[in-house]
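Undergrad: Just a sequence and a predicted model for now, questions to come.
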Amino acid sequence: MSFNLIPLESQKGSLEFSAYAQRVISKLQAFGWRLEATHDPDVIVFISYGIGDGKSVSGSMPIFGQTSGGTSYTSGSIYTGSHSATFSASTSSPPTFGQVGAIPIHSTKYTRTLVMKIYDLKQNNKTIFEGSVVSTGSSSQIAEVMPNMINALFKKFPGESGKTITVEETLAK
């Protein structure tokens, strides 16, 4: 199948768009699709992406440590009338562990979105694929996570029509 990836009006001349478009083109070519930018392609591909303003998230992180147990020492003196004595003793119990406190956590989470739509030019611009990826994390830079988002978009591509799949990836950002 031949295709062309066209920038939206706001993406024209954007180096960021060019970088993402190259990744998408490479993925489509890996599925055997042919880039046809100058002639009449079978389909046309559009991508859109963005990042939200960020949402403040608060919570707490537990601190774990020893809650009881260990060794205790006791000493003292005993007086009875004219006599006195001193004593010392130690007792031991096995240690137990659990939550001993918590520290507050404050961070900002950003929602990043990638959408790809493919239209069949031979079938009166019928939508033949629509996929989206939503990512949430601490990075306010979409470029840091876009390669992973594009990879997620192409897992099980093109997939079953009308079916939503969930792809989970753990990223540092």
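TA: Structure's in. What do you need? Because the structure is predicted, anything quoted here is derived from the model rather than measured. Residues are numbered from 1 along each chain as shown.
Undergrad: Low-confidence regions, the chain specifically.
TA: 161-173 (pLDDT under 70).
Undergrad: Which parts of it are strands?
TA: 2-5, 34-35, 43-51, 55-80, 83-120, 126-137 (DSSP state E).
Undergrad: and of these, who's closest to residue 19?
TA: Taking C-beta to C-beta as the criterion, residue 19 comes closest to strand 43-51 out of the strands of the chain, the separation being 11.1 Å. Just so you know, the C-beta spots here come from the backbone N, C-alpha and C atoms, and that holds for glycine as well.
Undergrad: quick check: angle from that closest one to strand 83-120?
TA: In terms of direction (axes from the mean of the first three to the mean of the last three C-alpha atoms, to 10 degrees), strand 43-51 departs from strand 83-120 by 150 degrees.
Undergrad: quick one: buried residues of strand 43-51?
TA: Residues of strand 43-51 classed as buried: 43, 45, 47, 49, 51 (neighbour count, 16 or more other C-beta atoms under 10 Å).
Undergrad: Distance to residue 97 added to those, as TSV?
TA: Below are the buried residues of strand 43-51 laid out as TSV (distance: C-beta to C-beta, whole Å):
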residue	distance to residue 97
43	60
45	56
47	51
49	46
51	41
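Undergrad: ok, of these, which one's closest to residue 120?
TA: Scanning these for proximity to residue 120, where the rule is C-beta to C-beta, the winner is residue 43, at 5.4 Å.
Undergrad: rewinding a little: could you dump the strands of the chain to TSV with distance to residue 19?
TA: Putting those into TSV (distance: least, C-beta to C-beta, whole Å) gives the following:
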stretch	distance to residue 19
strand 2-5	12
strand 34-35	16
strand 43-51	11
strand 55-80	27
strand 83-120	13
strand 126-137	16
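Undergrad: Residue 28 is nearest to which of those?
TA: Proximity of these to residue 28 was assessed by C-beta to C-beta; the nearest stretch is strand 2-5, lying at 6.1 Å.
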